[in-house]
Every structure is written in structure tokens, then in C-alpha cells.
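Chemist: Sequence first, predicted model second:
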Amino acid sequence: LEFLTQEKGQGSRRRLSWYYAPSFLLLWVALFYAIVIPLFNRLPAKVTLSEESFRPGEFVGERAQNQLFVFDRIGIKYIGSIANEVKTVEFLLNEVDKIISEMRSDLYDLEVDVQTSTGGYVLSRVSMYQGIQNVVVKLSAKSSQSESFLLLNSHFDSKPRTPASGDDGTMVVVMLEVLRQMAISETPFQHPIVFLFNGAEENGLLGSHAFITQHKWAANCKTYINLEVGGSGGRDLLFQSGPKHSWLMKYYRSYARHPFATTIAEEIFQTGFLPSDTDFRIFRDFGKIPGLDIAQAKNGYTYHTIFDTYASVPGRSIQNTGDNVLSLVRAYSNASELQDLESNEGHAVFFDYLGLFFIYYTETTGIILNCVIGVFSLVLVGVSVWRMSRQSDEVSLKQISIWFVIILGLHVVGFLLCICLPLLMAVMFDAGDRSLTYFTHNWLVFGLYICPAVIGLVLPLTLYYTLKPNVRVEIHAYHLQMSLHAHLVVLALLTIILTALGYRSQYLCLMAMIFYAGALLINLLSKLHDRGYYWALIVMCLQVFPFCYFCYLFYMLLVVFFPIVGRSGSASNPDITIAFVCACGVIFALGFTSQFINMFRWPKLILLGLGVVTFIFCMLAVSDVGFPYHPKTNVMRLTCLHTRRIFYEYDGSVSRSDSGYYFSYQDRRTYNPFKDISTLNLTGLVPVEPDCEKYVMCGVPCFYFCGWRKRDGWLPRESEVTIPGELNLQFLGRNVSEGTVRFNFELSGARHMNVYLQPVDEAEIVDWSFDRKMLDYPDNFQLPYQVYLACGIDDSPLQFYIEIKVGYIIEINYQKLLVYILQRSDGDYNVPVLELAVVGHFISYDFGRDEEAQKFLAGFPDFADVTEWPSLFKRYIF
């Protein structure tokens, strides 16, 4: 109060003392922990079975949790395993039978279909499937004549090492309870509901493709809700919608009981930046229907690990998701829009505010708002600068304008430093092999990235005010206001740029502008604008609202990204992602309030204090505290395939036959954390990159994410790996005609097999028996071509052909002329044209592991979660 009531004419020495600055900064930290964290973690109480009779029509979380316990006990449910193809299907059918026994059969019809499918498609590879199973249930009201269905989807299969209670068992049991509640409801719904429990998602979204392209009910499905889990527990995040059809958001706003959604999550996910995908993509691209993609994303450390168990899934999280899904299913199953999907309002901008309420508007509305608020903000800044010149007897409008231009330029420098300093920290730690220090102790990012971002944002103007001769308090107050105006101008320009580029995430800039422009308007109208620092009270009060939202949003992004960077591969520096998220969080959450550091005396001392905090956190990060991993909770991921390899040459001879362990590193630190582990002998471990020029797919049994295979490792083993099965590639002959040769094959043996194809020299693959997308759009795909086959209950041999043509590429006037020289004049054809490798993966624990492999795997430390299985690699040349 003493500070705010200073009389005009008092010097800058009467600015607030520096030792009040920590209290000012801690105020915002306190708001974060007092408001943001509790609301972010808020979950409803679980409805118990004993309460069901008193709460009719509500989702009963305890029943779903009991079903999850049984689901968990089935064990690992990998495609093709007995657990997935027999036990889990039986579990689902038994639960559906229980629902049928309770159903209002006078109001509803319920049909069950166990779909068995064979097919394939192309994304980054050719994905094929044989005999995979989906359990499909259709619930319809007897009174309904609608041919428009609502689709609800989750998957029951798992990754090789996890019982998948979180991903996606949680959503399976949610769907079962939603099915039950809808089947016993006394209020019929308009549109039939299809419940798809798909049995093949984890290996390339196969089950959803089988349904949407082949099932008898697929053509009637007009919209869908896809349910996923990227961790264990937490609230369910709506992170994809549409495409277009903003009416979906209208219903979500009206009926979601616990809203949690943001457009920025949608745009990040759809860039392909995250090493994940969902069935939403299949329904959108192959079914051409709009829908919602909803997932629990907290505690992603358990995702796809052995620790994704029943014990890791909170009952209140199941209740939260169940409340939302049940309400949405009731709403969409009565939506008139399902009758006419041709009319839509385009994309939507959507977000929740701290889980308290939900906001959405169309993209067109967003463009109008951005332009109006952006221009209005710039006008307010102009009025404010003019007002400063009118109220001051010492400076002219020209002088004020010059000051503002200087401040704006320095703020732009600070804006760039705010991003660059955290990125510099990320690069330095990575260069010192200290990446992922925050992986377990997430709080380290405060000192490593947030404090440097604040320093960078404020430092240029702090130096400017420090070097500037002492000025009167009222002039300094104007300078401080102009520093905030500069941030408003930057946000306005950023909004215009992002709008022009088509990004809907610019709503972040819009929100920040609205609250500061609102405070500026109040100050101008009330004349607090010209009364020393009184304007700061209005600004800080209104800044509480965007501050809480931006902290909530960027905290959510960090909660999602922290585990993800531990499985994003070894090729890129994951710290850059975390540093960039922290920097953006500072720009939006503290872009205005951080400038108040210059309201205190000796602001350089305050920034020095933040620098000391950064130094202390750096020391902690390079100590044992910064070791990334922790047993059971924050584990290191690694794939280890105990592999036997056989390389056949063109004449049929074997040029190489060996065994070893193929390591696919899933995080930046590769094998370095194992160097000092006495129980693990990695002597002889070499990178696979030197073999990439010699053999197709580097001569390794890469299973799915093969883009970073050159950074993987190979550890030779003296004894031969015992393969618990066969892998047979039978050459059925060739046909030569019209300058091409067709090779015919039959492949059998394993339930999971890869085929790698690499033309030799000038050869070109012009046709094959698989989906032709790779051949029709060769610029979109890289050699070698990868074909993957997953077998469920049908493991019959795969017959296929490859057709080859040989030619030279000649550059003439920037156009390519292909000269074919395949067939020799004497009609003989005996030159190598195709390098082909096949891999059999014996993933399920229905297959045993040899004793030496088990002993080797037992040597890994308890902070590592190793996904492993035997594989057989065979390379041929034709």
C-alpha cells in the first residue's frame, strides 16, 4: 500500500524493495498448488454396488472395477495368444450374457457377433491380418426405426509384456457397464448403439480396420466414440474430434459431466509427433465418419509395461470416465444430427476451464474473434500510449512512441530468449549425456527450464531499465505498462500469424489478450491508468484467470510428455520437447506478470536469484537425483529380441549364420545406463548401422518402428538361439514375360511375421499381391518396403507374389526417362534383382524361451522393463 500510494514526483528509489519480490513470485506458485493441482487431479467418488439402488441410471464404478480385476487375471493378451483369442473372448461373451439376463427385453433388442476377419491396408507399412477377432454388440430400441448407428470402441488386446488393465482394459469395462446401463434403462433411445470390443489394436489398428471395412453394421455407423488409455488413471482427455462436424462439441459441452479437452492436444497429436496412434484414424480415414477420441493419459509410465495392472488403475478414474461416456452415449444416441451428416459447421475450437466448464466455438467464429480482439488490443495500446503523452508534462507523444518501440524490440528479444535459454539447457545436458534427468523427479524442470525461461523473458528490459538514468515513479510506471503492452502486441501479431496458417491453438493467444486488454480497458475508463502503479492491481487480479488456465494446460502437457519422452526413441533429444513446453508455458502463464519483477528495486538481483536456483537444480540434475529411472514406477524401456539369423546368397549358399540379441532402444540414453551393471555382460555389443549397407533392413528383425533402426544394437551370442517354432519361405517359381519377372512365394510358421523387400541395383518392384498404395505413391514411402502379418485364430500359409522390372534412371531436362533392360536377347534371366528377408516373431508366452536367454534377461536391473521374444531372421536373394 505504501508503494502504491506514492506521490507524484518521488524518485525511483521509492520503488518496492527487492526483498518483497520472493513473496510476489511465491504468490503465483501458491496459486498453482492451491487451485490448479487440486482441480487437475479432481475425480468423482466411486459409485458402489450398495449405492446402486439409490442412484438409478448412474454408472456403477465398483462393478466395472470388479470386471477389470477378472480381465487383469487373464494375463497378457497378445494377438494370436490363447489369452487373447480364447479366454478374453469368453470373458466378454460371459459378461454380455449377464447383461442380456438383466436387460429390459420388452424395450430393447441385443445382438452379439464374434467377427473373424482377414484383410490388410497401408499406413507406414503393409499391415495384413488373418483370423483376428472382434466381439461386436448391437443394442437397439424396439421402437426405433433409425438406420443411423452410434459406434463405441475399445480394444482388449495388449502389448507383449502387459496385462493391459489400463490400456485398454479400463475402457473395456467402462463399455460393459455403459452397455448394461443402456440395456436396463427405462427410457429408450433413438439410434442403435454398436459396442465394438476389438481384439487387434496394438499391432497396427487391425481390429478397427476389419470392422469398419468388412462388418455388416459398419456402413450404418455415422459417428463414434473411441476410448483409449495412455497410462493408468487420471481424467479422460478429449484430444481429437471430427474431422469438422462441430456439433459433436455442442453435445460434449452440454452432456460431459467432467469436461477435459483442448484443441492444442488435437493439433499436437495429428502432427504425428507422438509415437502413438489410435483407432480414431481408421474410422476417420477408412470409414469417413466423424467422432471423438477420448483417453486417460495420466501416469503414462505404466503404459505398455508389466506394471499396467489392476492395482495401478484407480477406481475413481473408472468412475470419471464412466460418467462421461454414459452421458455422451445417451446424448449422441438421441442426436438428430446422425440422420444428416452432410451438413456440418467445420472444425471447432474447444477447451475446458480447469474442469469447471467447457467452451467451444467454430473455426469461423474463431477467425472473427481473433481479428476483432487482435485489432481492438492494438487500438487500446495506441490509446494508452497517447494517454501517457497527454498526462505527462515532461514527454511528448513522439518520445513516448520511441520508448515504446524500443521496449517492444527488447521484449521481442526477451521472447526469443525465453525459448532459447531452456533449449540451450536441453542441448547442453544432452551433450553431456544427461538427458531425461527429470524423468522420475519431474520437479527438476522448474530450475532447469522454467527459471531460465523467466530470466530470458525479463532480462532485456531489466537491463534497459537498469541502464536508463533514474526517472520519476510515474514515468517508470508508464515504462512498466509499456512492457506489458509490448507483450500484448506480440500476442496480437502471433494470433494473426497462427490464424493465417490455420492453427486453432491460437485460442491461447486470444485468451491471454482478452484478460490483459480487459484490464487495460478498465484502467483507461477508471483513470487508474494514470495513477502511479494502481493499474497493476487490476492487471494482477485479472491475470489470475489466464494464469490458472495456462498452468493447468501446460501442466497437463507435461504430465503427458514426461513418460512419452522415455519411449520416443534414441534419435532425437527429448529434453528439447520438455524445454519447449516449459518455455511456452512461461510465455503464456507469466508473460505479463513476470514483467512486474521490474517494479521492484534491484531487479537484477532478483534475476540473479533465479539464476542461483537454476544452478542448484543443475547440480541436483547431474547428481544421483538426476538418474532418470526408478524401479516399478519410472522404468527404462527396452526391446530385446533373442534372434537367430541366416543369410542365403543368390546361389542358395549360406554366407552367414549367427545368433545374438537385437536391442531396440526406446529412449535417448540407449544402453549407457547398463554399463556399470555387474550382472549384465554387454561385451561385444555393436551398432547395427554398418550392416545397413550390406543387408536389407540392416539384417535385424525390426518389428514395427524401424525408422531409428540404425541406432539399434546387436550383441552376438556364441550358442545358437533356440527358436520355439518354424519359419518357412517356399519359392513357388517365377514367370518371365513382357520384360518383367514374377516371383511366387508361400510363407508360414509364426503368428507374427515380417517380409522386407529391397530391389537390387536398378530393379524396381512394379506389382505385388499386397495393397498397391506403396507402389502407386512411391515418393511417400522409403525402401525397404515392410509387410507385416498378424494371425489370430487362423495361421494358414500366406501366398504372395512380387513382380520386378529392371531399368536405369536417366536425368534429361529434369524429367526421368526409364529405360528397361530386363530381358536379355537370349531370353535367359539369371541376375539378382530382389533382396528379400522374412522374420518369424514368437511373441506370446505360449512359446518358451531358452535357458540362456532367460539367464541373460535376468541380469537386467530392476529399473529396466525389457520386452523380449525369440525371432528367426532369414535373408534371401532372387
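Modeler: On my side now, so go ahead.
Chemist: Can you verify my assumption that Pro163 contacts Lys77?
Modeler: Yes. Pro163 sits in contact with Lys77 when judged by C-beta atoms under 8 Å, with a separation of 7.3 Å. (Each C-beta comes from the backbone N, C-alpha and C, glycine too.)
Chemist: Could you report the neighbour count for Lys500?
Modeler: Not Lys; residue 500 is Ala. 11 (other C-beta atoms under 10 Å).
Chemist: My error: substitute Arg253 in the last question.
Modeler: 17.
Chemist: ok, now Leu356?
Modeler: 9.
Chemist: Gln399 versus that one, what's the distance?
Modeler: Separation of Leu356 from Gln399 (C-beta to C-beta, to the nearest Å): 46 Å.
Chemist: for the stretch 251-400 of the chain, what spans make up the strands?
Modeler: Secondary structure of the stretch 251-400 of the chain (DSSP state E, counting those that start in this stretch): strands at 291-296, 348-353, 357-362.
Chemist: just the stretch 101-250 of the chain next, same as before
Modeler: According to DSSP E, counting those that start in this stretch, the strands that the stretch 101-250 of the chain contains are 108-122, 126-141, 149-155, 193-198, 221-229, 236-242.
Chemist: With distance to Leu857, mean pLDDT and mean neighbour count as extra columns, can I get these in CSV?
Modeler: CSV is the format used below for the strands of the stretch 101-250 of the chain (distance: least, C-beta to C-beta, whole Å; pLDDT from 0 to 100; neighbours: other C-beta atoms under 10 Å):
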stretch, distance to Leu857, mean pLDDT, mean neighbour count
strand 108-122, 33, 97, 17
strand 126-141, 29, 97, 23
strand 149-155, 28, 98, 28
strand 193-198, 31, 98, 27
strand 221-229, 27, 97, 26
strand 236-242, 35, 94, 25
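Chemist: Verify the contact between Leu488 and Val379 for me.
Modeler: No. Look at Leu488 against Val379 with C-beta under 8 Å: they stay out of range, at 11.1 Å.
Chemist: In terms of neighbours, single out the busier of those two.
Modeler: Ranked by neighbour count (other C-beta under 10 Å), Leu488 and Val379 place Leu488 first, with 24 against 11.
Chemist: So the more buried one: helix, strand or coil?
Modeler: Secondary structure for Leu488, judged by DSSP: H, G, I helix; E, B strand; the rest coil, is helix.
Chemist: Which pLDDT does the model give it?
Modeler: According to the prediction, Leu488 has pLDDT 96.
Chemist: most neighbours per residue, which of the strands of the stretch 251-400 of the chain?
Modeler: strand 291-296 (a mean of 27; mean count of other C-beta atoms under 10 Å).
Chemist: Which one of the strands of the stretch 251-400 of the chain lies nearest to Asn681?
Modeler: Set against Asn681 and scored by C-beta to C-beta, these come closest in strand 291-296, at 39.6 Å.
Chemist: then the closest one to PDB, C-alphas only?
Modeler: Extracted C-alpha coordinates of strand 291-296, given in PDB (Å, rounded to 0.1, in the frame of the first residue of the first chain):
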ATOM      1  CA  GLY A 291     -16.200 -38.900 -34.000                       C
ATOM      2  CA  LEU A 292     -14.400 -38.300 -30.700                       C
ATOM      3  CA  ASP A 293     -11.100 -39.700 -29.400                       C
ATOM      4  CA  ILE A 294     -11.000 -39.900 -25.600                       C
ATOM      5  CA  ALA A 295      -8.200 -41.200 -23.500                       C
ATOM      6  CA  GLN A 296      -6.900 -41.300 -20.000                       C
END
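Chemist: Between strand 149-155 and it, find me the angle.
Modeler: 30 degrees (axes from the mean of the first three to the mean of the last three C-alpha atoms, to 10 degrees).
Chemist: Now do strand 291-296: which elements does it pack against?
Modeler: For strand 291-296, the packing partners by 3 or more C-beta pairs under 8 Å, 6 or more residues apart in numbering; DSSP states H and E come out as strand 221-229, strand 236-242, helix 247-255, helix 279-285, helix 315-332.
Chemist: With distance to Leu49 added, can I get these in CSV?
Modeler: Compiled in CSV, these are given as follows (distance: least, C-beta to C-beta, whole Å):
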stretch, distance to Leu49
strand 221-229, 23
strand 236-242, 23
helix 247-255, 25
helix 279-285, 31
helix 315-332, 12
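Chemist: For Ile212, which of those is the nearest?
Modeler: Using C-beta to C-beta, those put helix 279-285 closest to Ile212, at 5.7 Å.
Chemist: Can you list the helices and strands that the closest one packs against?
Modeler: Helix 279-285 sits against strand 149-155, helix 206-214, strand 221-229, strand 291-296, with contacts defined as 3+ C-beta pairs under 8 Å, 6+ apart.
Chemist: how close does Phe743 get to Ser769?
Modeler: From Phe743 to Ser769 the distance is 11 Å (C-beta to C-beta).
Chemist: ok, now Ile407?
Modeler: As judged by C-beta to C-beta, Ile407 and Ser769 stand 67 Å apart.
Chemist: Show me which of those two is the more surrounded one.
Modeler: Ile407 (23 against 15).
Chemist: The residue lying closest to Ile373 once chain neighbours are set aside: what's it in contact with?
Modeler: Distance criterion C-beta to C-beta, 6 or more residues apart in numbering; nearest residue to Ile373, sequence neighbours excluded, is Met513 at 5.5 Å. Contacts here follow C-beta atoms under 8 Å, 6 or more residues apart in numbering; on that basis Met513 touches 373-374, 377, 488, 491-492, 495.
Chemist: Make CSV out of these and add distance to Ser657.
Modeler: Shown next, in CSV, are the contacts of Met513 (distance: C-beta to C-beta, whole Å):
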residue, distance to Ser657
Ile373, 69
Gly374, 68
Ser377, 71
Leu488, 69
Leu491, 64
Ala492, 67
Thr495, 63
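Chemist: Mind checking which of the residues you listed land in helices?
Modeler: Of the contacts of Met513, the ones assigned to helices by DSSP state H are 373-374, 377, 488, 491-492, 495.
Chemist: Most neighbours among those, which one?
Modeler: Leu491 (27 neighbours).
Chemist: what ranges of this structure fall below the confidence cut-off?
Modeler: Within the chain, the stretches with pLDDT under 70 are 1-15, 343, 393, 469-474, 807-829.
Chemist: mind redoing it with 50?
Modeler: 1-13, 808-828 (pLDDT under 50).
Chemist: Setting aside sequence neighbours, what's the nearest residue to the residue nearest the centre of it?
Modeler: Nearest to the mean C-alpha position of the chain, by C-alpha atoms, centre = their mean, lies Leu274 at 4.2 Å. Leaving aside its sequence neighbours, Leu274 sits nearest to Ile564 (C-beta to C-beta, 6+ apart; 6.2 Å).
Chemist: Quick check, the one you found in contact with His304.
Modeler: No. Using C-beta under 8 Å, Ile564 makes no contact with His304, being 11.3 Å away.
Chemist: neighbour count winner among the two?
Modeler: Counted by other C-beta under 10 Å, Ile564 and His304 do not tie: His304 has more neighbours, with 24 against 20.
Chemist: For that one, list the residues it contacts.
Modeler: 159, 161-162, 167, 567, 637, 867.
Chemist: Could you point out which of the residues you listed is nearest to Ser384?
Modeler: Out of the contacts of His304, the member with the shortest distance to Ser384 (by C-beta to C-beta) is Arg567, at 48.8 Å.
Chemist: hmm, back to that, just put the helices and strands packed on helix 279-285 in CSV and tack on distance to Asp279.
Modeler: As requested, the helices and strands packed on helix 279-285 are exported to CSV (distance: least, C-beta to C-beta, whole Å):
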stretch, distance to Asp279
strand 149-155, 6
helix 206-214, 4
strand 221-229, 5
strand 291-296, 8
